[in-house]
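# Next comes the sequence, and after it the predicted model I'd like to discuss.
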Amino acid sequence: MAEALPDCVPFRIRDVDNARGTEVSKAYSGDLDRMVRVGEPNMVMPREYMQHALTYHNFPVRPNDVFITGFPCSGVVNLAWLLLHYLNIEDARKERLLVARVPLLESKALVSENLLAMANQSLSGGLSIHSFLSSLEILRDMKDRRLIRSHLHVDFLPKDVLTAGCKIIHIIRHPKDVAVSLYNLHRRTRKFKAGLNTFVRLLTREMIPFSPYFQHGEQAWLLKDQGNVRVVFYETLVGDMEGVLEGLSRFLGVEVTEQRKADLKDTITMYNTFNAQDMKTPFYDAEADDDFVTAGEVGHWHNHFSGELHLLINSWIENRLANITLEYPYEV
């Protein structure tokens, strides 16, 4: 049944049809039992989003806020970690919880009662979970320049983000690597049990949270010529970390001094040494087999796609790219 909130937010929110909802719920062992589609791009979200949509829409931004955005598993967390340490390396060392240092704006919309119950039963991350769910309160109390993570499509970020002087850094990653990394993340955090083939079919049919993938990147790409929006490709970041971070520093109005260049080398060393444990989601199952580090590799998809599954994802990519302006700097 369609459901709209015309007096609250300037976009429609409606239930995913029962057949599709049941299919998703079964694949996720009942965790994602109710889904909604949001606005014209039909962004897919857990139904919990409805409770918080107005709060996110009206979230009070500050002119010097920095939003780090992108589809899940595109490198948002990686980039947030790097920028946090590079811009203020001493303060970053004092607090290890990334969820508290660079909060995820829409965290409460992602956590169902089932997921929270599973987390409390199987994980030992009470403080981390509390910090994750307290993102809005943490952001409200921050005194210094705020780095804010979000996987929301640009159209559904706070209403004033493009007019208040905020900066948006949007990161895009190869869709095949996103598929593999997101599959691994969801089977460890959302009890996805249906296998990679089913996950890719759900992704290509745009039934995974924050889908559709290509429209997600397209919205940011269309804004790339505005002075306050920068699009970064994950593969470029990995290949030229120093160059990308120096460019982003200038974009953020931060002077690149010799000391800052030295700090940058320290930041990259720390990233390569500590990033795996520091960046895990608080809902990560510590007992599951762990390929978290390899999930960040460029081209990791080669180890997973072949035959009909590869044909399926290639067809999806070809069809979607034909209808958007987004240009990857490499062959997709």
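That came through fine.

# Can you report how many residues lie near the closest residue to Ala194 other than its chain neighbours?
With Cβ to Cβ, 6 or more residues apart in numbering as the criterion, Ala194 has its nearest non-adjacent residue at 4.0 Å, and that residue is Ala27. (Glycine included, C-beta is placed from N, CA and C.) Ala27: 23 surrounding residues under other Cβ atoms under 10 Å.

# Who are the contact partners of Ala27?
Shown in contact with Ala27 (Cβ atoms under 8 Å, 6 or more residues apart in numbering): 192-194, 198-199, 202.

# Try it again at 10 Å.
186, 190-195, 198-199, 201-202, 207-208 (Cβ atoms under 10 Å, 6 or more residues apart in numbering).

# which one of those residues is nearest Ser107?
Ranked by distance to Ser107 (Cβ to Cβ), the contacts of Ala27 are led by Arg190 at 14.3 Å.

# Assess the claim that that closest one and Pro72 are in contact.
No. Arg190 lies out of contact with Pro72 (Cβ atoms under 10 Å); the separation is 11.2 Å.

# Show me the shaky parts of the chain.
1-7, 30-31, 89-96, 113-128, 273-295 (pLDDT under 70).

# And the strands in it, which stretches?
Taking DSSP state E as the test, the strands found in the chain are 13-15, 35-38, 43-46, 66-69, 147-150, 167-172, 229-233.

# Just put these in a markdown table and tack on mean neighbour count.
As requested, the strands of the chain are exported to a markdown table (neighbours: other Cβ atoms under 10 Å):
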| stretch | mean neighbour count |
| --- | --- |
| strand 13-15 | 17 |
| strand 35-38 | 22 |
| strand 43-46 | 24 |
| strand 66-69 | 24 |
| strand 147-150 | 24 |
| strand 167-172 | 24 |
| strand 229-233 | 20 |
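
# okay if I get those strands as JSON lines plus distance to Asn58?
Output for the strands of the chain, formatted as JSON lines (distance: least, Cβ to Cβ, whole Å):
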{"stretch": "strand 13-15", "distance to Asn58": "15"}
{"stretch": "strand 35-38", "distance to Asn58": "16"}
{"stretch": "strand 43-46", "distance to Asn58": "17"}
{"stretch": "strand 66-69", "distance to Asn58": "15"}
{"stretch": "strand 147-150", "distance to Asn58": "15"}
{"stretch": "strand 167-172", "distance to Asn58": "18"}
{"stretch": "strand 229-233", "distance to Asn58": "21"}
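
# Ser211 versus Phe192, what's the distance?
From Phe192 across to Ser211, the span is 15 Å (Cβ to Cβ, to the nearest Å).

# Likewise for Trp301?
For Trp301, the distance to Ser211 equals 18 Å [Cβ to Cβ].

# Tell me which of the two has more neighbours.
Ser211 (23 against 18).

# Can you give the distance of stretch 300-307 from its chain's centre?
22 Å (Cα atoms, centre = their mean, to the nearest Å).

# how about this structure, which residue sits the furthest from its center?
The outermost residue of the chain relative to its centre, with distances by Cα atoms, centre = their mean, is Glu258 at 32.0 Å.

# Ok, which of the strands of the chain comes nearest Leu139?
That would be strand 147-150 among the strands of the chain, by Cβ to Cβ, at 6.4 Å.

# roughly how far is the closest one from the heart of the chain?
Distance, centroid of strand 147-150 to centroid of chain: 9 Å (Cα atoms, centre = their mean).

# and it, C-alpha only, in PDB?
Extracted in PDB, the C-alpha atoms of strand 147-150 (Å, rounded to 0.1, in the frame of the first residue of the first chain):
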ATOM      1  CA  LEU A 147      32.700  15.400   9.300                       C
ATOM      2  CA  ILE A 148      29.400  13.700   8.600                       C
ATOM      3  CA  ARG A 149      29.000  10.400   6.800                       C
ATOM      4  CA  SER A 150      25.900   9.500   4.900                       C
END
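
# Please, where are all the helices along the stretch 51-200 of the chain?
76-87, 89-94, 98-101, 113-122, 126-133, 135-141, 175-189, 196-204 (DSSP state H, counting those that start in this stretch).

# Please render those helices as CSV that adds mean neighbour count to the earlier fields.
Formatted as CSV, these follow (neighbours: other Cβ under 10 Å):
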stretch, mean neighbour count
helix 76-87, 23
helix 89-94, 12
helix 98-101, 22
helix 113-122, 14
helix 126-133, 18
helix 135-141, 15
helix 175-189, 22
helix 196-204, 19
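
# of all those, which lies closest to Arg47?
Of those, nearest to Arg47 by Cβ to Cβ is helix 113-122, at 11.3 Å.

# related to what we said a few turns ago, how about the helices of the stretch 51-200 of the chain in a markdown table, adding distance to Phe67?
A markdown table is the format used below for these (distance: least, Cβ to Cβ, whole Å):
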| stretch | distance to Phe67 |
| --- | --- |
| helix 76-87 | 10 |
| helix 89-94 | 18 |
| helix 98-101 | 15 |
| helix 113-122 | 25 |
| helix 126-133 | 18 |
| helix 135-141 | 11 |
| helix 175-189 | 19 |
| helix 196-204 | 24 |
